[in-house]
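Peer 1: sequence unknown, structure follows:
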């Protein structure tokens with residue numbers, strides 16, 4: 001089954017053709033980073049207007065890269081949420097319009113489930129169940145137990161800032177370009193241990209996360225001017241990675257998970273990847289960096305499995321922006 005998928009939940013307009021939920025024939029992405037960099041963050045109205053400009057050309061690019069036309073497409077998928085309302089509406093309605101015009105099956109996909117299914121696009125054997133999923137991105141940080149396709153139990157999540165959001169905010173405090181996460185990681189390579197100690201919010205007794213206190217402590221360290229910016233970046237990154245890898249490895253052990261699946265933009269962080277592999281008692285699967293950030297191939301991967309299970313979405317189904325796991 002050839003699925004044309006469209007993703008537009010935030011500031012990337014993306015389209016892809018995915019076969020049977022496993023094989024990428026194309027994965028085209030139009031980034032808006034340069035457009036939003038001048039504002040230091042994503043401006044929702046600017047993002048939605050740019051999606052309107054990009055969605056047609058990016059679908060055409062995805063079809064061309066896949067070496068096919070709409071005549072070769074068997075179904076269409078779109079990101080239903082969560083995300084920015086204006087951005088979601090563009091891609092989701094474009095996907096529904098194509099499905100309606102071509103009389104093709106349509107399915108709306110949860111963006112966070114898409115991140116998890118990026119792990120099905122890795123060559124080799126499929127992920128094994130039960131799996132513990134760490135979804136860690138700019139807007140979300142969740143630990144989810146996955147017992148099978150479409151079977152999820154959220155066991156922990158952030159109570160305030162997501163990990164990626166904290167990276168971006170600390171990057172801004174350090175005067176680094178947008179998006180802050182990759183630049184904090186680069187600055188950390190120039191820093192080193194022993195210069196300062198930032199707090200870890202372990203939230204004992206739960207598998208929840210909290211990064212707002214760490215962000216505030218980083219602010220005070222920067223304003224004190226006692227520490228080199230690169231050393232603050234190093235310790236901040238270590239604090240985030242320590243908590244994420246520590247909680248994930250402990251929960252994987254307690255649950256007897258067969259694998260740990262890591263997903264989301266922060267999964268591209270090399271230090272996090274190293275620590276998860278080192279500390280987890282079971283195999284850890286992490287997509288390549290290009291599949292960690294927002295893309296449409298991951299949406300097509302979910303769609304392939306759900307369509308094979310006989311699932312479809314009505315064309316009058318609307319988007320959603322919050323309550324993420326209740327809509328999977």
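Peer 2: Looks like it arrived, so ask away. Please read these numbers as outputs of a predicted model, since none were measured by experiment.

Peer 1: who touches the lowest-mean-pLDDT helix or strand in the chain?
Peer 2: Between all helices and strands in the chain, the lowest mean by mean pLDDT, DSSP states H and E belongs to helix 33-37, at a mean of 90. Counting contacts by C-beta atoms under 8 Å, 6 or more residues apart in numbering, the residues outside helix 33-37 that touch it are 11, 42-43, 46-47, 50, 177-179. (C-beta placed from N, C-alpha, C; glycine too.)

Peer 1: Can you turn the buried part of those into a PyMOL selection?
Peer 2: To isolate in PyMOL the members of those that are buried, counting by 16 or more other C-beta atoms under 10 Å, one can use:
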select buried, resi 11+42+43+46+47+50+178+179
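
Peer 1: Inside strands: which ones of the contacts of helix 33-37?
Peer 2: In this view, the contacts of helix 33-37 have no member that belongs to strands under DSSP state E.

Peer 1: can you tell me which two in the contacts of helix 33-37 are farthest apart?
Peer 2: Spatial extent of the contacts of helix 33-37 (C-beta to C-beta) is set by the pair 50 and 177 at 19.1 Å.

Peer 1: hang on, residue 76 is in a strand, isn't it?
Peer 2: Yes - remark: residue 76 belongs to a strand, assigned using DSSP: H, G, I helix; E, B strand; the rest coil.

Peer 1: check contacts around it.
Peer 2: Going by C-beta under 8 Å, 6+ apart, the list of residues near residue 76 reads 3-6, 95-96, 98-99, 102, 104-107.

Peer 1: For the residue of the chain positioned farthest from its centre, which residues are in contact?
Peer 2: Largest separation from the mean C-alpha position in the chain: residue 226, at 34.8 Å (C-alpha atoms, centre = their mean). In this structure, residue 226 makes contact with residue 196, judged by C-beta under 8 Å, 6+ apart.

Peer 1: gap between it and residue 232?
Peer 2: Taking C-beta to C-beta, to the nearest Å as the measure, residue 226 and residue 232 are separated by 10 Å.

Peer 1: And for residue 101?
Peer 2: For residue 101, the distance to residue 232 (C-beta to C-beta) stands at 53 Å.

Peer 1: between these two, who's got more neighbours?
Peer 2: When residue 101 and residue 232 are compared for neighbours, residue 232 comes out ahead with 27 against 10, by other C-beta atoms under 10 Å.

Peer 1: How about the more buried one, nearest residue that isn't a chain neighbour?
Peer 2: On the basis of C-beta to C-beta, 6 or more residues apart in numbering, the spatially nearest residue to residue 232 that is not a chain neighbour turns out to be residue 221, at 5.2 Å.

Peer 1: Quick check: that neighbour touching residue 198?
Peer 2: Yes - the pair residue 221 / residue 198 is scored as a contact, 7.0 Å apart, by C-beta atoms under 8 Å.

Peer 1: Between those two, which contacts overlap?
Peer 2: Going by C-beta under 8 Å, 6+ apart, residues that sit against residue 221 and also against residue 198 are residue 235.

Peer 1: Which residues does stretch 140-158 contact?
Peer 2: Around stretch 140-158, the neighbours that count as contacts under C-beta under 8 Å, 6+ apart are 82, 112-113, 116, 129-136, 162-164, 206-211, 244, 247-248, 251, 255, 257, 261, 264, 305-306, 309, 324-325, 328.

Peer 1: Over to stretch 16-24 now: how far is its first residue from its last?
Peer 2: Between the opening and closing residues of stretch 16-24 there is a gap of 7 Å (C-alpha to C-alpha, to the nearest Å).

Peer 1: again with stretch 64-78
Peer 2: The first-to-last residue distance of stretch 64-78 comes to 19 Å (C-alpha to C-alpha).

Peer 1: show me the contacts for residue 261.
Peer 2: The neighbours of residue 261, taking C-beta under 8 Å, 6+ apart as the test, are 116, 119, 127, 131-134, 146, 285.

Peer 1: again, only this time at 6 Å
Peer 2: Residue 261 makes contact with 116, 119, 127, 131, 133, 285 under the criterion C-beta atoms under 6 Å, 6 or more residues apart in numbering.

Peer 1: Tell me how far it lies from residue 90.
Peer 2: From residue 261 over to residue 90 the distance is 29 Å, taken as C-beta to C-beta.

Peer 1: Then residue 311?
Peer 2: Applying C-beta to C-beta, one obtains 24 Å for the distance of residue 311 from residue 90.
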